[in-house]
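>>> Generate coordinates for the sequence data below:
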Amino acid sequence: MELNRREFAAAGVSLSTLLAGCADDSSAEDGNSSGSDGNETEDSGSEGDGNESEGDGNESEPELDDDESAASGEANESDGSADESEAEIYEDESISGEISLSEAAARHLEVERHTFTWADEPPSEFCQVHAMLGNVGGAEFTATATARVFDADGNELSSTTDPGMEGPEPGVDDAVHSFELNNCADAAAYELEIGDVKANGDGVEPVERHLLRVIVQDGLGDPIDNATVSVEERGLGGWGETRTVDEHGQAEFEFQPGAYTLTATAEGYPTLEDVVELTGNMQYTATLRANG
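Numbering: from 1, shown residues only. Predicted coordinates:
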């Protein structure tokens, strides 16, 4: 489906805001562009120039192995800074695109959103590919990233490669990474490929995460499809997640290794609360027995 072209002009729209899907014409954010070694500056039709800041940031869910651990329980009645500047950004949603992550990159990065912009009123000789990325691995790292643009027949028009793209900093929600390309006047599609990840430091590895699958059933072993499952990290300042099970009585979570308090509730059943030790992919069966 071809989407409409949108223009963000003179007053300035931060690229982070643009990628988040809402334009705030009262401010613009800028900084270092990770698509190059220095700051990237765009000429605008309005008064003044601005620097544009980007950084960057998918992680696939692990599948339970054949040797997955399993547990069960029962419940009954007794149980970074930015510079403000003016910018002119021409986002073109009619230009389709995709982000390709290698297996290693997917362990570190999650793609929040990506978009295509013209450097001048379209069609222009210069364009940019932008991706909002999140750090899901918890490590500092670099990667090789290549952006390409294609014409309507699939012919490559131009490409640019950053062999040392710095990943988003651990603990940062997300960051924007941008690539400038030329020969863009006939652009109809774009692609950003990220691979060759190298963790910084001595053997820094992504934070280990495991899949916890919870099955909620009644005393007869039938799934309870209106149940709610909460999993909370034990200890001071513990955080957690709450999910409603699907039609099969299942809910899935992904956590770092550790001890967690698991709570399963459903209308008409007593609440089950148990402590689970997550050391690998795990399946937990919570059996709720009706009152009476």
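>>> isn't there a helix covering Ala139?
No: Ala139: not assigned to a helix; according to DSSP: H, G, I helix; E, B strand; the rest coil it is coil.
>>> what mean pLDDT does the helix or strand where Val276 lies have?
Assigned by DSSP states H and E, Val276 belongs to strand 272-278. For strand 272-278, the mean per-residue pLDDT is 95.
>>> Buried ones in it, by neighbour count?
Leu272, Asp274, Val276, Leu278 (16 or more other Cβ atoms under 10 Å). Using the backbone N, CA and C atoms, a C-beta is placed for each residue, glycine as well.
>>> Return the distance of Ala227 relative to Glu233.
When distance is defined by Cβ to Cβ, to the nearest Å, Ala227 is 21 Å away from Glu233.
>>> Between those two, which has more neighbouring residues?
Counted by other Cβ atoms under 10 Å, Ala227 and Glu233 do not tie: Ala227 has more neighbours, with 25 against 17.
>>> Would you confirm that the more buried one contacts Arg243?
No: the criterion here is Cβ atoms under 8 Å, and Ala227 misses it with Arg243 at 9.8 Å.
>>> Which stretches in the stretch 101-250 of the chain count as strands?
Assigned by DSSP state E, counting those that start in this stretch, the strands in the stretch 101-250 of the chain fall at 109-118, 127-135, 141-150, 156-166, 175-181, 189-199, 210-217, 228-233, 240-244, 250-255.
>>> Could you tell me the angle between the third one and strand 189-199?
So the one you mean is strand 141-150. Taking axes from the mean of the first three to the mean of the last three Cα atoms, to 10 degrees, one finds strand 141-150 and strand 189-199 inclined to each other by 170 degrees.
>>> residue ranges with poor pLDDT in the stretch 1-150 of the chain?
When residues are selected by pLDDT under 70, those of the stretch 1-150 of the chain lie in 1-69, 76-88.
>>> repeat that with 80
The model of the stretch 1-150 of the chain has pLDDT under 80 over residues 1-70, 72, 74-89, 137.
>>> try the stretch 151-292 of the chain
Applying pLDDT under 80 to the stretch 151-292 of the chain flags residues 171-174, 199-208, 235-239, 291-292.
>>> Kindly present the buried residues of strand 272-278 as JSON lines, with separate columns for distance to Lys198.
JSON lines is the format used below for the buried residues of strand 272-278 (distance: Cβ to Cβ, whole Å):
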{"residue": "Leu272", "distance to Lys198": "45"}
{"residue": "Asp274", "distance to Lys198": "41"}
{"residue": "Val276", "distance to Lys198": "35"}
{"residue": "Leu278", "distance to Lys198": "28"}
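>>> Tell me which two in those are the farthest apart.
Within the buried residues of strand 272-278, Leu272 and Leu278 form the most distant pair, 17.3 Å apart (Cβ to Cβ).
>>> Tell me how far Ala71 lies from Ala139.
Ala71 is 30 Å from Ala139, by Cβ to Cβ.
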